[in-house]
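Participant: any chance you could fold what I've pasted below:
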Amino acid sequence: MTTHGAQPPTPAVTASYPELEAALKEALAGVPYTSEYILDELVVTLPPEHVLSACRVLKDHPRLAFDYLRCISGVDWVANLQVVYHLWSMSLRHKLVVKVNLPNDNPRVASVIPVWRGADWHEREAAELFGIVFEGHPDLKPLLLYEGFEGYPLRKSFAQGVKPGREAEAAEKPRKAVRPPAEKPPEKGEGAP
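Facilitator: Sure, this is the predicted structure:
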């Protein structure tokens, strides 16, 4: 008998990180990748041309079963762009982060919508705000910005007024720290509290 609002007990995590890494090595045999542990997550970095096929394997392999895409993030590291996929296995209760590095001048990677339908919104957001092209995405129309908006507002070069397509030139220039001008605090009686 369960009471209304009671949650079922949470099953324990079934795979340790060494077991997860062994399953990845088996599942991604033939795919060049690197892996590392960051905080409490195993992080795998793949070449962009292997993303779609690797994600299918990550979802379908019985020892991995990454059936839930938590989110996709775009990252601007100035020298390159990166797409980060956060995955979770609901049945096996383990997580994984997949990273893909892309060039600034032509950031293209396959859409993972054929694997996880929930990638739709995340890919549209990264396309709109970072200029990343998700090849095979059914509709990359803008979500947040108006039609015709120029530039990619989450790229670091955008804040410096760099025109789209000229990021490589901007990456070579040294960055200046932007600080607000120093102001003398108002004297008492001149608007000071």
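Participant: residues near the nearest residue to Gly131 once chain neighbours are set aside, how many?
Facilitator: Once flanking residues are discounted, Gly131 sits nearest to Tyr152: 4.1 Å by Cβ to Cβ, 6 or more residues apart in numbering. (Each C-beta comes from the backbone N, C-alpha and C, glycine too.) Tyr152 has 24 neighbours, counted by other Cβ atoms under 10 Å.
Participant: now swap in the one 3 residues further on and tell me
Facilitator: Neighbour count of Arg155, defined by other Cβ under 10 Å: 22.
Participant: I'd guessed it sits against Phe130; true?
Facilitator: Yes. Using Cβ atoms under 8 Å, Arg155 is in contact with Phe130, at 6.0 Å.
Participant: give me the common contacts of the two.
Facilitator: Counting by Cβ atoms under 8 Å, 6 or more residues apart in numbering, the residues touching both Arg155 and Phe130 are 76, 81.
Participant: tell me the contacts of the closest residue to Arg108 other than its chain neighbours?
Facilitator: Counting by Cβ to Cβ, 6+ apart, Arg108 lies nearest to Val133, which is 4.6 Å off, once chain neighbours are set aside. Contact partners of Val133, counting by Cβ under 8 Å, 6+ apart, are 107-109, 127, 140.
Participant: and the strands in the protein, which stretches?
Facilitator: 34-38, 41-46, 68-76, 81-88, 95-102, 108-110, 133-135 (DSSP state E).
Participant: give me the residues contacting the fifth one.
Facilitator: It refers to strand 95-102. Taking Cβ under 8 Å, 6+ apart as the rule, strand 95-102 contacts 20, 24, 38, 41-48, 51, 54-55, 58, 64, 66, 70, 80-89, 108-109, 132.
Participant: residues near Leu24, how many?
Facilitator: Leu24, neighbours per other Cβ under 10 Å, totals 22.
Participant: whoops, Ala159 was the one
Facilitator: Considering only other Cβ under 10 Å, Ala159 is surrounded by 11 other residues.
Participant: in contact with it, which residues?
Facilitator: Contacts of Ala159 (Cβ under 8 Å, 6+ apart): none.
Participant: Asn94 contacts Pro18, correct?
Facilitator: For the record, residue 94 is His, not Asn. No. The criterion here is Cβ under 8 Å, and His94 misses it with Pro18 at 11.8 Å.
Participant: of those two, which one has the most company?
Facilitator: For His94 versus Pro18, neighbours defined as other Cβ under 10 Å are more numerous around His94 (22 against 9).
Participant: look up how far Gly74 lies from the more buried one.
Facilitator: As judged by Cβ to Cβ, to the nearest Å, His94 and Gly74 stand 25 Å apart.
Participant: with Arg63 instead?
Facilitator: 30 Å.
Participant: when those two are compared, which one has more neighbours?
Facilitator: Set Arg63 next to Gly74 and count neighbours by other Cβ under 10 Å: Gly74 wins out with 23 against 16.
Participant: and the helices in the chain?
Facilitator: In the chain, the helices defined using DSSP state H lie at 17-27, 51-60, 119-130, 156-159, 167-172.
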